[in-house]
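In: predicted model, plus sequence, below.
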Amino acid sequence: MEFYMKMLTSVTLSALLVFAAAPVFAEKPDFSKTNAAKASYDFSQNKPATGNQLQRASSQHDFSKTLAATSQYDFSKNQPAIHSEPQPSTQHDFSKTAAF
């Protein structure tokens, strides 16, 4: 049983070492060596992107399509807004606490 525990520990530590060291040795791309990094590169010659293009939703709401936009809507029948005053907060008596 002890052999299997040592073997499991060894395999686990080896796997952790491999996964932890992999990002350190990974080659980082150097974009300064690409064609697009050259001052003479003409971006206008690029082909337009296709596929997976999301349509931008409008952030404006069209209120002309609501019920209140019709000439028959009677605003006087609206329920009044409920307005409540905030209650004043009670003061804490710090003289009755142990930590003052």
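Out: Good, I have the coordinates.
In: can you give me the strands for this structure?
Out: Using DSSP state E, no strands are found in the chain.
In: the helices in it, which residues?
Out: Using DSSP state H, the helices of the chain run over 2-25.
In: pLDDT below threshold where in it?
Out: For the chain, residues meeting the criterion pLDDT under 70 lie at 22-24, 53-56, 58, 100.
In: quick check, residue 35 in contact with residue 45.
Out: No. Assessed by Cβ atoms under 8 Å, residue 35 is found out of contact with residue 45, at 10.8 Å. All C-beta spots, glycine's among them, are computed from the backbone N, C-alpha and C.
In: ok, now how distant is residue 82 from residue 51?
Out: With distances defined as Cβ to Cβ, to the nearest Å, the gap from residue 82 to residue 51 amounts to 51 Å.
In: so how far is residue 20 from residue 96?
Out: 55 Å.
In: same question, residue 40
Out: 42 Å.
In: neighbour count winner among those two?
Out: residue 20 (9 against 5; other Cβ atoms under 10 Å).
In: quick one: that one and residue 13, what's the gap?
Out: Counting by Cβ to Cβ, the gap from residue 20 to residue 13 is 10 Å.
In: also residue 27?
Out: Residue 27 is 26 Å from residue 13, where distance means Cβ to Cβ.
In: these two: which has the busier surroundings?
Out: It is residue 13, of residue 27 and residue 13, that has more neighbours when counted by other Cβ under 10 Å, with 10 against 5.
In: how much space between the more buried one and residue 19?
Out: 11 Å.
In: with residue 3 instead?
Out: For residue 3, the distance to residue 19 - Cβ to Cβ - is 25 Å.
In: just residue 42 next, same as before
Out: Separation of residue 42 from residue 19 (Cβ to Cβ) stands at 43 Å.
In: if I read this right, residue 41 contacts residue 35, doesn't it?
Out: Yes. Residue 41 lies in contact with residue 35 (Cβ under 8 Å); the separation is 5.8 Å.
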